[in-house]
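Asker: my questions concern the predicted model and sequence given below.
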Amino acid sequence: MLNLVVKGDGMNLAPARQRPTVHQHTSQMFTCQVTLASYGPPVTPFTEVQRRLHALDRRFSRFRPDSELSTLNAAAGHWHPVSDPLHAMLRHALTVASASTGLVNIAVLPQLLAAGYRRSWATGTPRPTPTPVAPTPVAPLADILELRGHTARLAPGHSVDIGALAKGAWADDIVTWLGPNSAASIGGDVACRGPGPDGDGWPVELPHGETLHVRDGGVATSGTGKRRWGTDAHHLIDPRTGRPATSEITQATVHAATGATADWVASAAVIGGQAAADHLTHRADVHHLWLNQTGAPR
């Protein structure tokens, strides 16, 4: 997990009293810690940002049967009206599926369910299914998801889960709400905007202990060490097999131009392994990858 370092004397800039100070708000949402920070008062109050995040959770959670995402899944096979936020997320998912050569595919929900991930971590650790279902590869997203105007259609028998994309994209949204010099962390998916309190970017502590100063970018970590259950089940599904990923990369941390990009690139590197990471590192919007294969980052 990444830490947005917004505490300590180094953030207070005591000698320059005329300068703004860092305003910070921390809460628990989406079964993880959310940290918001702004140099000077936030443009959008922290309480309003938190309200918007709760609204996003109600709209997009697959664990809520009345969420907009759940109603879209229930309507598979038919054109279904979708809001602008959901339409934008589905467009983003199609773009990511293409850019990741299919490694990050939101249509893995049936495979997640088959692996036992049927309930939110807020209610306890998932349990392996009593009668295992043989996993099947996931169809390319462009083959099963269509967008038209303000409507979307999933192919019959298919369903989607935007959990693999949401936190990074939402962190990007938050810093646009907070103002020109701000940062946000949602469960370790970090987005930063502006020069930070000292002018060299916002300090982000990486999993291996290094502190990275980020200005106008995002950082995210993905791995197979957490959100595990049973003997070998975890939340990162390889669409090529329909099973939890088993590549040689167990954790990837990515510094990229946006939180959204860092989020999906980290997942793609873990799912696709070294070959995928080698390809992704050449993207212009990917600044650096730290890969963990045998307990040591490189």
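Answerer: Okay, I see it.

Asker: for the stretch 51-200 of the chain, which segments count as strands?
Answerer: Remark: strands assigned in the stretch 51-200 of the chain by DSSP state E, counting those that start in this stretch are 80-81, 145-148, 151-154, 182-186, 189-193.

Asker: and those strands as CSV, adding mean pLDDT, distance to A74 and mean neighbour count?
Answerer: Any C-beta I mention is one placed from the backbone N, CA and C, and that applies to glycine too. Below are the strands of the stretch 51-200 of the chain laid out as CSV (pLDDT from 0 to 100; distance: least, Cβ to Cβ, whole Å; neighbours: other Cβ atoms under 10 Å):
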stretch, mean pLDDT, distance to A74, mean neighbour count
strand 80-81, 98, 9, 16
strand 145-148, 97, 15, 15
strand 151-154, 98, 10, 19
strand 182-186, 96, 27, 29
strand 189-193, 97, 28, 29
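
Asker: low-confidence ranges, the chain, go.
Answerer: Applying pLDDT under 70 to the chain picks out residues 1-2, 5-19, 116-133, 225, 227-234, 294-298.

Asker: let me see the ranges of the helices in it.
Answerer: Along the chain, counting by DSSP state H, helices occupy 46-60, 68-74, 84-99, 109-115, 141-144, 163-178, 259-280.

Asker: let me have these in a markdown table, adding mean neighbour count and distance to N3 as columns.
Answerer: Output for these, formatted as a markdown table (neighbours: other Cβ atoms under 10 Å; distance: least, Cβ to Cβ, whole Å):
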| stretch | mean neighbour count | distance to N3 |
| --- | --- | --- |
| helix 46-60 | 16 | 18 |
| helix 68-74 | 18 | 29 |
| helix 84-99 | 18 | 26 |
| helix 109-115 | 21 | 27 |
| helix 141-144 | 16 | 33 |
| helix 163-178 | 23 | 14 |
| helix 259-280 | 24 | 15 |
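
Asker: relative to C192, which of those is closest?
Answerer: Closest of the helices of the chain to C192 is helix 163-178, at 6.8 Å (criterion: Cβ to Cβ).

Asker: just give the nearest non-adjacent residue to D238, would you?
Answerer: Nearest non-adjacent residue to D238, counting by Cβ to Cβ, 6 or more residues apart in numbering: A245, 4.3 Å away.

Asker: kindly report the same for L56.
Answerer: Excluding its sequence neighbours, the residue lying closest to L56 (Cβ to Cβ, 6+ apart) is W170, at 6.3 Å.

Asker: what's the answer for G273, then?
Answerer: Distances taken as Cβ to Cβ, 6+ apart put S247 closest to G273, at 3.3 Å, once the chain neighbours are dropped.

Asker: now G196
Answerer: For G196, the spatially nearest residue (Cβ to Cβ, 6+ apart) is W202, at 4.2 Å.

Asker: do H150 as well
Answerer: P81 (5.9 Å).

Asker: likewise A266?
Answerer: A266's closest residue in space is S222 (Cβ to Cβ, 6+ apart), at 3.7 Å.

Asker: so how far is M89 from that neighbour?
Answerer: Distance, S222 to M89, using Cβ to Cβ, to the nearest Å: 18 Å.

Asker: ok so, going back, residues contacting the residue nearest to A266?
Answerer: The neighbours of S222, taking Cβ atoms under 8 Å, 6 or more residues apart in numbering as the test, are L236, Q251, A252, D263, A266, S267, A269, V270.

Asker: what number of residues lie near the residue nearest to the second one when sequence neighbours are not counted?
Answerer: Read it as Q251. In space, and not counting its chain neighbours, Q251 is closest to G223: 3.3 Å by Cβ to Cβ, 6+ apart. A count of neighbours around G223, defined by other Cβ atoms under 10 Å, yields 21.

Asker: G223 and A252 touch, don't they?
Answerer: Yes: G223 is within contact range of A252, at 6.9 Å (criterion: Cβ atoms under 8 Å).
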